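In: pasting the sequence and the predicted model now:
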Amino acid sequence: MLKNFFKTAGRNILKYRAYSIINFVGLTSGLALALLILTYVRSEVSYDQFHENADRLYRVKYVAPNGLELASSPPPIAPLMKDFFPEVEEAGRMYGRNVSITVPGKEQSFEETDIYFADSTLMGMFTFEFIHGNPERALVDKFTVIIDEGMAAKYFGDKNPIGESLIFGGGNSFKVTGVVKDFPENSHLRFNMLVPYENMYDMESTQAAQVLRNNLAINFIISHSHTYVLLKPGADPSRVDSSMESFLKKYARPDLLVGQVFTLMPLTDIHLTSTLLVEPTATNSWTNIYIFIGVGILTLVIACINYVNLSTAQSFSRIKEIGIRKVLGSFRYQLIGQFMAESFLFCLVAMILSYGAFYLALPLLNELTGKTLQFDQVVDSGMLLASLALVVLITVMAGAYPSYFVTQFNSIQSLKGDGAAQYGNQFLRRMLVVFQLTIACML
């Protein structure tokens, strides 16, 4: 019986081509927009969750004496935290700056932006996928550098860059000891190269480096590095926050205790909740996410209302068909099943077409949002299951009323063609149109 339902459904879709095309365009457009919004929202809410220890990773939030809330904090904090706080498993710093890079033997130089001077402890805190090199020795030796795939291709092409050198501004040579995969799109932190934190001072003149080194070793006020903390399993971050004042009293000079406040911020909360200054990348907010979700839902509602109204209107042309089916002994549930099968097949085809529109529109989404989302990466089993669930939901929501509507026709009046006069004045259909136009105006 199901096979017959879908066979008849296919014939009816082909028979009423004009109606089908109009409905396909509307429903496909709504579904394509829903897929785009779903892709964007999934990307935004998944920031930094690719780290294996994401649930235990935090960044130090700094409220400066002047009241400014900052993402960066004083450098002396990280090296001392592990010894003072029993909850802290590891801590590390990252300091980003621009550096002019050249390859030995070549005159051309490149100004690279996302160069970070980082503690070696971060290699065990964050999740890095090494392509070449020894992760255990990463950032341990001075004048070494870890580069990502993009930088490896840019400076060395297809050649294995391990053991090769890069000249940083100031003339220092750094040996490549590792190549890692680019951090995923959904990371609040992006880098091209990682260099040992101590080499930060070698970017300056000898005299300036010594002054800087002495100052940063004791300065608990300056906003300088991003400090990341890995807590032990089950540790309570609020205990670290409450003990931070004691930590400062122990390690900071009294004249440098001027009301600064330090707290831990979950790594996975940074992208959608942070309003701090000196963020390494642009952040978003839950308000924007809710707006996008609302637009997606309302667009789908418009598409569904379109489908309901067109399906109901089109059913008038099938009044005699319904009358004959009833006279020949079709039960009401069979008629409902027939129209639900048509609705399901219609929604399924529209969903398939929407993936084509989604593929074509994804570059526009990337251009609008500044992302680099790839079709083959975002379309996974989770998205396909969500799409199938959406097809079933729309089938029930958009197909239930038309299927119920057409089964109300009286058999005799249907055969005479009088059903349209009896059921043509439908209050619900008029209300749906008004509701649809209201949503459109609001959007």
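Out: Nice, thanks for sending it over. Keep in mind that what you see is a predicted model, and the values were worked out from it rather than measured.
In: may I have stretch 44-58 as CSV, with CA atoms only?
Out: What follows is stretch 44-58, C-alpha atoms only, in CSV (Å, rounded to 0.1, in the frame of the first residue of the first chain):
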residue,chain,number,x,y,z
GLU,A,44,29.2,29.6,16.4
VAL,A,45,28.0,27.4,19.4
SER,A,46,30.8,24.8,18.9
TYR,A,47,33.7,27.3,19.4
ASP,A,48,36.8,25.7,21.1
GLN,A,49,35.0,22.4,21.8
PHE,A,50,37.4,20.5,19.6
HIS,A,51,40.0,20.6,22.4
GLU,A,52,40.1,17.3,24.3
ASN,A,53,40.2,19.1,27.6
ALA,A,54,37.7,21.8,26.6
ASP,A,55,35.6,21.3,29.8
ARG,A,56,38.7,22.0,32.0
LEU,A,57,40.3,24.9,30.1
TYR,A,58,39.9,28.4,31.3
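In: buried stuff in that stretch?
Out: Buried residues in stretch 44-58, defined by neighbour count with 16 or more other C-beta atoms under 10 Å: 44, 47, 48, 51, 53, 56, 57, 58. For the C-beta atoms, the positions are set from N, CA and C on the backbone; glycine is no exception.
In: got it, and stretch 380-397?
Out: Of all the residues in stretch 380-397, those buried under the rule 16+ other C-beta under 10 Å are 383, 387, 390, 391, 394, 395, 397.
In: what does the pLDDT read for the closest residue to the last one other than its chain neighbours?
Out: Read that as residue 397. Closest residue to residue 397 apart from its sequence neighbours, by C-beta to C-beta, 6 or more residues apart in numbering: residue 304 at 5.6 Å. Residue 304 carries a pLDDT score of 81 in this model.
In: in strands, which of the buried residues of stretch 44-58 fall?
Out: Among these, DSSP state E puts 57, 58 in strands.
In: tell me the bridge partners for residue 96.
Out: Listed beta-bridge partners, residue 96: residue 116 (assigned using DSSP bridges).
In: quick check, pLDDT for it.
Out: So residue 96 comes in at 93 (pLDDT).
In: touching, the residue nearest to residue 397 and residue 395? I think so.
Out: No: judged on C-beta atoms under 8 Å, residue 304 makes no contact with residue 395 at a distance of 10.2 Å.
In: mutual contacts of these two, please.
Out: Common contacts of residue 304 and residue 395 (C-beta atoms under 8 Å, 6 or more residues apart in numbering): none found.
In: and for residue 120, the neighbour number?
Out: 18 (other C-beta atoms under 10 Å).
In: where does the stretch 301-443 of the chain dip in pLDDT?
Out: Along the stretch 301-443 of the chain, segments meeting pLDDT under 70 span 312-338, 398-399, 401-429.
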